[in-house]
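Student: Following is a predicted model, sequence given first.
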Amino acid sequence: MKEKVDEVSLVEQTQKRILQYIDEKGIQNGEALPKESELVEILAVSRVVVREALSSLRILGLVETRRKKGTVLTSPDIFGTMNIIVNSGALNLESLRDLYELRLMIEIGMSDFVFMNKTDADIAHLSQIVAKENRATSTEESIELDIQFHKTLYKISGNKSLESFQRILNTLFSIYAPRTDDWQIKQIITHAGLIEVLKSGNADSFRSAMRLHLNTQFENMQIVMKSLK
């Protein structure tokens, strides 16, 4: 057992040393790293350890293998990797809850950027989604349109990482955004209300409106967590 722990530790140390080497040598995105055999000599570890360390860095999106170039440095899609993990089903409900809390924090905090970047076309698109919501005849359709509305807000923010994060919403909504029969009545600020604030309000008023809109999400999350205790 001790040998296995030491082996894992050595792989982790090698990952850090590879990243340190990249920094020291000023290797840029798209540029190739030394070959495996060269890293073995540079780091004084076995080829197996180097291979496992590179594999871990590849999973994290820090490096990738390209034809004729070998292993090259890349810029990771942080939320893209997170999306793979979430959809794998490997996370427990507590971890999913933490992600959902992060979603609530992000949507309230991104208000300035949404307001800054919004266009008439964006508002028209959001209005089309709301019109479809009003005609929705099933819970599934209603939830899907809810996701579309919030995904659109992420896109309007102009932040590429947030656009990646929004892909996680489907899984999170299925757990923490249950639809009760009176969900529309309980909403303090509806999607239509958010659009009106986008049209005539300011960033501060939109942030406040978003917090009120998400109030039912906070309540739903508390209900779900109590049921798990």
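Tutor: On my side now, so go ahead.
Student: secondary structure class for Ser75?
Tutor: Classification of Ser75 using DSSP: H, G, I helix; E, B strand; the rest coil returns coil.
Student: What values do phi and psi take at it?
Tutor: Reported as degrees, to the nearest 10, the phi and psi values for Ser75 are phi -100, psi 120.
Student: Show me the shaky parts of this structure.
Tutor: In the predicted model, the chain carries pLDDT under 70 at residues 1-8, 77-81, 83, 87-91, 169-187, 219-229.
Student: In a helix, Arg97, correct?
Tutor: Yes: counting by three-state DSSP, Arg97 is part of a helix.
Student: Near it, how many other residues are there?
Tutor: Counted with other Cβ atoms under 10 Å, the neighbours of Arg97 add up to 18. All C-beta atoms are positioned from the backbone trio N, CA, C, and that covers glycine.
Student: the strands in the protein, which residues?
Tutor: Counting by DSSP state E, the chain has strands at residues 63-66, 70-73.
Student: Looking at those strands, which is nearest to Ala124?
Tutor: Of all the strands of the chain, it is strand 63-66 that lies closest to Ala124, at 38.7 Å by Cβ to Cβ.
Student: Strand partners (parallel or antiparallel) of the closest one?
Tutor: Next to strand 63-66 in the sheet, as set by DSSP bridges, lie strand 70-73 (antiparallel).
Student: now the strands of the chain as CSV including mean neighbour count and distance to Ser37?
Tutor: Compiled in CSV, the strands of the chain are given as follows (neighbours: other Cβ atoms under 10 Å; distance: least, Cβ to Cβ, whole Å):
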stretch, mean neighbour count, distance to Ser37
strand 63-66, 15, 15
strand 70-73, 16, 11
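Student: nearest to Ser138, of those?
Tutor: In terms of Cβ to Cβ, the element of these nearest to Ser138 is strand 63-66, at 41.3 Å.
Student: picking up where we left off before, format the strands of the chain as TSV; extra columns: distance to Asn215.
Tutor: Compiled in TSV, those are given as follows (distance: least, Cβ to Cβ, whole Å):
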stretch	distance to Asn215
strand 63-66	42
strand 70-73	44
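Student: With respect to Leu43, which of those lies nearest?
Tutor: Of all those, strand 70-73 sits nearest to Leu43, with 13.9 Å by Cβ to Cβ.
Student: just how off-centre is that closest one within its chain?
Tutor: Offset of strand 70-73 from its chain centre (Cα atoms, centre = their mean, to the nearest Å): 25 Å.
Student: And the contacts of it?
Tutor: Contacts with strand 70-73, where a contact means Cβ atoms under 8 Å, 6 or more residues apart in numbering, come from 22, 27-33, 35, 54, 58, 62-66.
Student: In the residues you listed, which residue is surrounded by the most others?
Tutor: Ranked by neighbour count (other Cβ under 10 Å), the contacts of strand 70-73 have Val63 at the top, with 25 neighbours.
Student: That one touches Ser75, doesn't it?
Tutor: No: Val63 lies out of contact with Ser75 (Cβ atoms under 8 Å); the separation is 10.6 Å.
Student: ok so, going back, Arg167 is nearest to which of the strands of the chain?
Tutor: Of those, nearest to Arg167 by Cβ to Cβ is strand 63-66, at 19.6 Å.
Student: which residues touch that closest one?
Tutor: 33, 54, 57-58, 71-74.
Student: For this protein, which helix extends over the most residues?
Tutor: The residue-count maximum for a helix in the chain (DSSP state H) belongs to helix 2-25.
Student: Now do that helix: which elements does it pack against?
Tutor: Contact here means 3 or more Cβ pairs under 8 Å, 6 or more residues apart in numbering; DSSP states H and E; on that basis helix 2-25 packs against helix 36-43, helix 47-59.
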